[in-house]
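S.K.: with the input below, show me the fold.
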Amino acid sequence: QVQLVESGGGLVQAGGSLRLSCLASGLTFNGYAMGWFRQAPGKEREFVARITWSGGRTYYADSLEGRFTISRDNAKNTVYLQMYSLRPEDTAVYYCASTSVLSTSTRAYDYWGQGTQVTVSS
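M.R.: The predicted structure is shown next:
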C-alpha cells in the first residue's frame, strides 16, 4: 500500500520560512518523480514544484519567484519543500504526489498525500 505523508505545515508570519517533508512508503521511491501542489480555499489545486527521480532536475511554478526549493533524499524516501519569504497568498493545503512522468498536471500524478496546512499571517 502506497502512502505519502506530509508534515511540517503550520502558522507562520509573512516573511517567514517553513520546510515541508513528505515521507513515502510502499513504492520504489527512486523510481518516481515527485511533485508538490497546493490548494487554497475556493481554488483549484495548483502545481508548485517537481523533482526528477534522481533529484538532478527541478521545475517550479513561475508565480513562486524563486522563493521555494524542492529536494529529495532517496535514502530516506523523503521529498522536501523549503519555503522562504512566505506571503499570505501562499496560505493553502500543500500536497505531495508521485508520478511516472514529468508533468505539472494533477492528472499525471498517481499517488497523493493527505496534505498539510500552511497558513501565513500578514
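
S.K.: can you tell me the closest non-neighbouring residue to the most centrally placed residue in the chain?
M.R.: For the chain, W36 is the residue whose C-alpha lies nearest the centre (C-alpha atoms, centre = their mean; 2.4 Å). In this structure, W36 finds its nearest non-sequential neighbour in V48, 4.2 Å apart by C-beta to C-beta, 6 or more residues apart in numbering. The way it works is simple: take the backbone N, C-alpha and C, and place the C-beta from them, glycine included.

S.K.: now swap in G55 and tell me
M.R.: Computed as C-beta to C-beta, 6+ apart, the closest residue to G55 that is not its neighbour in sequence is R72, at 4.7 Å.

S.K.: so in terms of bridging, what pairs with that neighbour?
M.R.: Beta-bridge partners for R72, by DSSP bridges, are V79.

S.K.: so where do the strands sit in this structure?
M.R.: All strands of the chain, identified by DSSP state E, fall at 3-7, 10-13, 18-25, 33-39, 46-51, 58-60, 68-73, 78-83, 92-99, 109-112, 116-121.

S.K.: so which bits of the last one are buried?
M.R.: Of the residues in strand 116-121, those with enough neighbours to count as buried (16 or more other C-beta atoms under 10 Å) are T116, V118, V120.
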